[in-house]
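In: got a sequence here, can you model it:
(one chain, ligands or ions: 1)
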Amino acid sequence: MTGIDIKEFTVHSSQFTVLRILKQAEEEIRVSGVPNPRLDAEALLSRALDIDRVGLYTQYERILSEEEVNNFFGLVKRRNKREPLQYILGNTEFFGLGFIVTPDVLIPRPETELLVEEALKQFTAYGSQFTVLDLCTGSGCIAVTLAKKLEGVRIYGVDISARALRVAKENARRHRVEGKINFIQGDLFEPFTVHGSRFTVHGCRFNLIVSNPPYIPSSEIDFLQEEVKDYEPREALDGGNNGLSFLKRIIKEAPDYLKAGGSLLLEIGYGQKERVYEIAEEREIYQTHKVIKDFAGIERVVKLNIR
Ligand code: GLN
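Out: Residues are numbered from 1 along each chain as shown. Below you'll find the predicted structure:
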């Protein structure tokens, strides 16, 4: 028998030490097919007991109260249904910073840190008075990280989801950068367009436009892992037929909102680079481009520069 009868354990909860409950939970989580059961069990127990991981190691023999046991198994049950650990905990780490995440936003991925690194390099080349537009800002992880790392930067974070923007604003507030970022609800460039004609923010265009838009082909979403397909917002994942619908719109319109010499930095999906370059070539204004591979060797971030 592999399952654990939670009721039976709650009756005898006085017998649960930290070490014992961790082992039980680890087994239960493993059975449901989660890749790092021990790590997740520890993270969930830390949360249920409100102590850090090191705290767990120093209290292996601590006997848990019935309430602690029940709380913990409540969290384990959610994880066993493949709810992402980050949603259960309500936070995650991105670029070494803590971010709040809710099911209204995509969970920030390590690959996106590559985009942020590249954006930071771009800034060093410019100096002060740097303006950035972050399209599909989601949790605000890109905008907030840039605001945190850069002096004298002004950032505009756009998302179509008002609920996502609430999370992004809270993240900005927690990192005390709300004064450097304007979060605006809208469909890509729409907030900066009036009656079809462009208007510019504070009399200038952007030095840099960044985006990690939805880029997964619609037909592939059902084959993603349960954590993603069943819990993350579909509108943050779904890039239409070939996954390129947002990338295409962004590449086509971005030059109208970039300063001379400005750049567009995009996160892209597996195998999308060639099409992305072709779309860029259709707008003759793009001059140079560069691609950055992720940890798995996949071409993940594309940088397009305009004249
Ligand atoms: N900009 C956010 C991120 O990189 C959200 C992206 C999205 O929702 N597609 O995580």
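In: and the nearest residue to residue 84 once chain neighbours are set aside, helix, strand or coil?
Out: In this structure, residue 84 finds its nearest non-sequential neighbour in residue 227, 4.5 Å apart by C-beta to C-beta, 6 or more residues apart in numbering. To be clear about C-beta, it is placed using only N, CA and C from the backbone, and glycine gets the same treatment. Residue 227 carries the three-state label helix when classified by DSSP: H, G, I helix; E, B strand; the rest coil.
In: so residue 227 sits against residue 83, correct?
Out: Yes: shown here, residue 227 and residue 83 form a contact pair, counting by C-beta atoms under 8 Å, at 7.3 Å.
In: re earlier: the residue nearest to residue 84: neighbour count?
Out: The number of residues packed near residue 227 is 19, by other C-beta atoms under 10 Å.
In: for residue 79, see how far away it is.
Out: 10 Å (C-beta to C-beta, to the nearest Å).
In: same question for residue 111.
Out: Distance from residue 111 to residue 79, by C-beta to C-beta: 23 Å.
In: neighbour-wise, which of the two wins?
Out: residue 79 (23 against 17).
In: ok, back up a step: next up, the contacts around the residue nearest to residue 84.
Out: Contacts of residue 227 were listed using C-beta atoms under 8 Å, 6 or more residues apart in numbering, and they are 82, 83, 84.
In: how close does the closest residue to the first one other than its chain neighbours sit to residue 278?
Out: In space, not counting the residues next to it along the chain, residue 82 is nearest to residue 226; the distance is 3.9 Å by C-beta to C-beta, 6+ apart. In this structure, residue 226 and residue 278 are 34 Å apart, going by C-beta to C-beta.
In: these two: which is more packed in?
Out: Using other C-beta under 10 Å, the more surrounded residue of residue 226 and residue 278 is residue 226, with 14 against 10.
In: count of neighbours near the residue of the stretch 51-200 of the chain found nearest the ligand?
Out: Relative to the ligand, the nearest point of the stretch 51-200 of the chain is residue 138 (2.5 Å; C-beta to the nearest ligand atom). When neighbours are counted by other C-beta under 10 Å, residue 138 registers 29.
In: can you check residue 19 too?
Out: 14.
In: if I pick it, what's in contact with it?
Out: 60, 61.
In: now the strands for the chain?
Out: 91-94, 97-100, 130-135, 153-159, 181-185, 193-194, 197-198, 206-211, 258-267, 286-293, 299-306 (DSSP state E).
In: model confidence score at the nearest residue to residue 87 once chain neighbours are set aside, please.
Out: Closest residue to residue 87 apart from its sequence neighbours, by C-beta to C-beta, 6+ apart: residue 103 at 5.7 Å. Residue 103 carries a pLDDT value of 98.
In: OK, contacts around residue 103?
Out: By C-beta under 8 Å, 6+ apart, the neighbours of residue 103 are 87, 231, 232, 233.
In: what's it sitting at in phi/psi?
Out: Dihedral pair for residue 103: phi -60, psi 0, per degrees, to the nearest 10.
In: then the one 3 residues further on?
Out: Main-chain dihedrals, residue 106, degrees, to the nearest 10: phi -60, psi 140.
In: repeat that for residue 108.
Out: With angles defined as degrees, to the nearest 10, residue 108 sits at phi -60, psi 140.
In: that one: how many residues sit nearby?
Out: When neighbours are counted by other C-beta under 10 Å, residue 108 registers 25.
In: that one: what's it in contact with?
Out: Contacts of residue 108 by C-beta under 8 Å, 6+ apart are 92, 94, 99, 101, 138, 139, 141.
In: now restrict the residues you listed to buried residues only.
Out: Listed as buried from the contacts of residue 108 are 92, 94, 99, 101, 138, 139, 141; burial here means 16 or more other C-beta atoms under 10 Å.
In: and the stretch 51-200 of the chain, which residues reach the ligand?
Out: 106, 108, 112, 136, 137, 138, 139, 141, 142 (C-beta under 6 Å from any ligand atom).
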